[in-house]
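Undergrad: next comes the sequence, and after it the predicted model I'd like to discuss.
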Amino acid sequence: MKNKEKVLVIRFSSIGDIVLTTSFLNSVKKLNDNVEIHYLTLEKFSSILELQPDIDRLIILNGNSNAKDLFKMNEYIQLSKYDKIYDLHGSIRSRIITFGLNKITTRVKKPRFLRFMLFQFHINMFPEKYSSITMYHQCLQDYNLLEIPKTYLQLSNQEKRAAQSTLENLGIEEDFIVLVPGAAWPQKQWQVDKYNHAINNIMDETDKKIVMLGSKDDIICKSIRKVNANVIDYSGKTNLREAMAIISISNTVFGSDTGLLHIAESLGKKISMILGPTSKETGGGVSNTDSVNIESEIWCRPCSQNGKSECYRSIQYCMDVIPANKVVKSVVERA
């Protein structure tokens, strides 16, 4: 039997971006059924990819690695004798790790000029239906002939049972909805008063409880809990896999353009994502047809790739003009 082709895929961060690469992994497997895929990522995000069926080996890099550590990793990669390397990050760190391996390395081509035109002049020159998933697939030969698969993550039955037990302890024994209001940058977060209004109306119309997930640093979760006693705040009380398991047994998920919502889509959930300063061209937004982006047609958006840049207008209109009833309607339709 012919030896398997060894392939290394590199993507260090962040949660949403890593999730989006799972579509690419599936395409690599479909193109070559005799391939062994290794995946290099940062330790703090590695749990996302546990049990991922298209990954044969997970390689972990410490986020605090210095230049010496990176060159040691480069030595390891060279000794591993890969047939092909896909650098889906295209950072200085990934370039050091793949130093001397240009012949076997295909690096993602980031649309920097198109992003510049979009953010600075609000001229959208991106091809129709462009997304980060498309960007990753451009590393593959004849990518335009491929039927691009959905993102996909996997959980064990044991993880799901543990999540069910956790929910029962919280008084949830029937269908429920997950809310993820937090995001890496405050500009990507909807207003607390609108979440408060949406939560009450969604619960009234669906008769389902709402569980709020997020990290212990998500201040918005604490703010929502203060004004709304109906939401079950479980933010900061799970690790990433536990949050994934809770999401996997929920009815639907809604909230910010953030990693947990991309995870929700990869777990087959119908989601409602509230988009402000970001867009699908920047890596945000949903990709499945039964999910929806809730956004406003404001001339100044998108204004940055990841929502990091502070709004230069007196009011952040891209978020401010999204009405609560629009979010309620979207969530109710998917619940």
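TA: The structure has been received and is ready for your questions. Residues are numbered from 1 along each chain as shown.
Undergrad: nearest spatial neighbour of residue 186, skipping sequence neighbours?
TA: residue 220 (7.9 Å; CB to CB, 6 or more residues apart in numbering). Just so you know, the C-beta spots here come from the backbone N, C-alpha and C atoms, and that holds for glycine as well.
Undergrad: also residue 332?
TA: Using CB to CB, 6+ apart, the nearest residue to residue 332 is residue 205, at 5.0 Å.
Undergrad: what's the answer for residue 309, then?
TA: Nearest to residue 309 is residue 303, by CB to CB, 6+ apart, at 5.9 Å.
Undergrad: residue contacts, that neighbour?
TA: 119, 277, 309, 311, 312, 318 (CB atoms under 8 Å, 6 or more residues apart in numbering).
Undergrad: got it, and residue 52?
TA: Residue 52 neighbours (CB under 8 Å, 6+ apart): 22, 25, 39, 58, 152, 153, 154.
Undergrad: now with 7 Å, please.
TA: 22, 153, 154 (CB atoms under 7 Å, 6 or more residues apart in numbering).
Undergrad: before we move on, what about residue 264?
TA: By CB under 7 Å, 6+ apart, residue 264 lies in contact with 247, 253, 271.
Undergrad: ok, of those, which one's closest to residue 100?
TA: residue 247 (41.2 Å; CB to CB).
Undergrad: just give the nearest non-adjacent residue to the closest one, would you?
TA: Once flanking residues are discounted, residue 247 sits nearest to residue 264: 5.0 Å by CB to CB, 6+ apart.
Undergrad: how about that neighbour, phi and psi?
TA: Phi and psi for residue 264, reported as degrees, to the nearest 10, are phi -60, psi -40.
Undergrad: what does the one 10 residues further on give?
TA: With angles defined as degrees, to the nearest 10, residue 274 shows backbone torsions of phi -90, psi 110.
Undergrad: and it, how many neighbours?
TA: By the criterion of other CB atoms under 10 Å, residue 274 has 29 neighbours.
Undergrad: what's the helix or strand encompassing residue 9 in contact with?
TA: According to DSSP states H and E, residue 9 maps onto strand 5-10. Applying CB under 7 Å, 6+ apart, the contact partners of strand 5-10 are 21, 25, 28, 32, 34-40, 77, 81-89, 94, 97.
Undergrad: where exactly do the strands run in the chain?
TA: With strands called from DSSP state E, the chain shows them at 5-10, 35-42, 57-61, 84-87, 105-107, 176-180, 209-212, 232-233, 252-256, 270-274, 292-294.
Undergrad: deepest in the core, which of these is it.
TA: Comparing the strands of the chain by mean neighbour count (mean count of other CB atoms under 10 Å), strand 252-256 ranks first with a mean of 28.
Undergrad: so what does residue 91 have for phi and psi?
TA: Residue torsions, per degrees, to the nearest 10, at residue 91 are phi -100, psi 170.
Undergrad: next one: phi and psi at the nearest residue to it once chain neighbours are set aside?
TA: The spatial neighbour of residue 91 that comes closest, neighbours along the chain excluded (CB to CB, 6+ apart), is residue 12 at 7.0 Å. The phi/psi pair for residue 12 (degrees, to the nearest 10) reads phi -90, psi -40.
Undergrad: would you confirm that residue 12 contacts residue 44?
TA: No. Counting by CB atoms under 7 Å, residue 12 does not reach residue 44; the two are 9.9 Å apart.
Undergrad: more neighbours: which of those two?
TA: residue 12 (20 against 15).
Undergrad: if I pick the more buried one, what's in contact with it?
TA: Per CB under 7 Å, 6+ apart, neighbours of residue 12: 41, 42, 61, 89, 91, 93.
Undergrad: and residue 164, by the same measure?
TA: So residue 164 contacts residue 249 (CB under 7 Å, 6+ apart).
Undergrad: in this structure, which spans are helices?
TA: Assigned by DSSP state H, the helices in the chain fall at 15-31, 67-79, 92-97, 112-121, 132-137, 157-169, 192-206, 219-227, 240-248, 259-266, 317-320, 324-334.
Undergrad: out of the ones you listed, which one sits most buried?
TA: The most buried one of the helices of the chain (mean count of other CB under 10 Å) is helix 259-266, showing a mean of 26.
Undergrad: tell me how many other residues crowd residue 153.
TA: Using other CB under 10 Å: residue 153 sits among 23 other residues.
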